[in-house]
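Colleague: can you look at this prediction? I've put the sequence above it.
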Amino acid sequence: MSARLGVFLSCAAAILILDQATKALASSHLMLGRPVPILGDFLRLTLVHNTGAAFGLFPGSRLPFILVSVLAIAVVLYLFAREAYRSLGNRMLLGCILGGAIGNLVDRVRWGRVVDFIDVGWSTLRWPVFNVADSAVTLGVILLAWNLARSGRADANPTNPPGPPLAGG
């Protein structure tokens, strides 16, 4: 196995294991819908069974979300093979996205719902309850896009950097 593939699969496995372990702990120690404060009202653990998309959007549509998850996994595998995604950071981020996508897919296939338990906000202004897989996918996509945008700017025209024209030119 190449080092490139090893990093990718290690990140995916780490996220998948962390996701499934934390969901199992949340399911066995929390009561459905009853918040447990961790950092006051800002961070709570609240067990929620999500039948919809990430962050509770579009509840009750199991098969379409299974298909979307499989498609997302296929896209990640396709991107992994592309030249633009070969840096160590991009491999790690793609692995995190893959692990998160598989983590939520496992829940959907196994239980027909996803276990969410991380509850962040203040008073009535709360982010939808989420899990480790949701975090890995969301942060992975954001950081991957940032990496690609940043590398695109750096590679755009290295012989003629942006700035004011030189005097006499």
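Modeller: Everything's here; your move. Residues are numbered from 1 along each chain as shown.
Colleague: and the contacts of stretch 108-121?
Modeller: The set of residues external to stretch 108-121 that reach it, using CB atoms under 8 Å, 6 or more residues apart in numbering, is 22-23, 26-27, 30, 35, 41-51, 56, 62, 65-66, 69, 104, 107, 126-135. For glycine as for every other residue, the C-beta is placed from the backbone atoms N, C-alpha and C.
Colleague: buried subset of those residues?
Modeller: The neighbour count (16 or more other CB atoms under 10 Å) marks 22-23, 26, 30, 35, 44-48, 50-51, 65, 69, 104, 107, 128-135 as buried among these.
Colleague: residue nearest the centroid of this structure?
Modeller: Central residue of the chain (CA atoms, centre = their mean): Val137, 1.1 Å from the mean position.
Colleague: that one: helix or strand, and which one exactly?
Modeller: When elements are assigned from DSSP states H and E, Val137 belongs to helix 132-155.
Colleague: now, which of the buried ones among the contacts of stretch 108-121 lie within helices?
Modeller: Secondary structure assignment (DSSP state H) places Thr22, Lys23, Ala26, Phe65, Ser69, Asn104, Asp107, Val132, Ala133, Asp134, Ser135 from the buried ones among the contacts of stretch 108-121 within helices.
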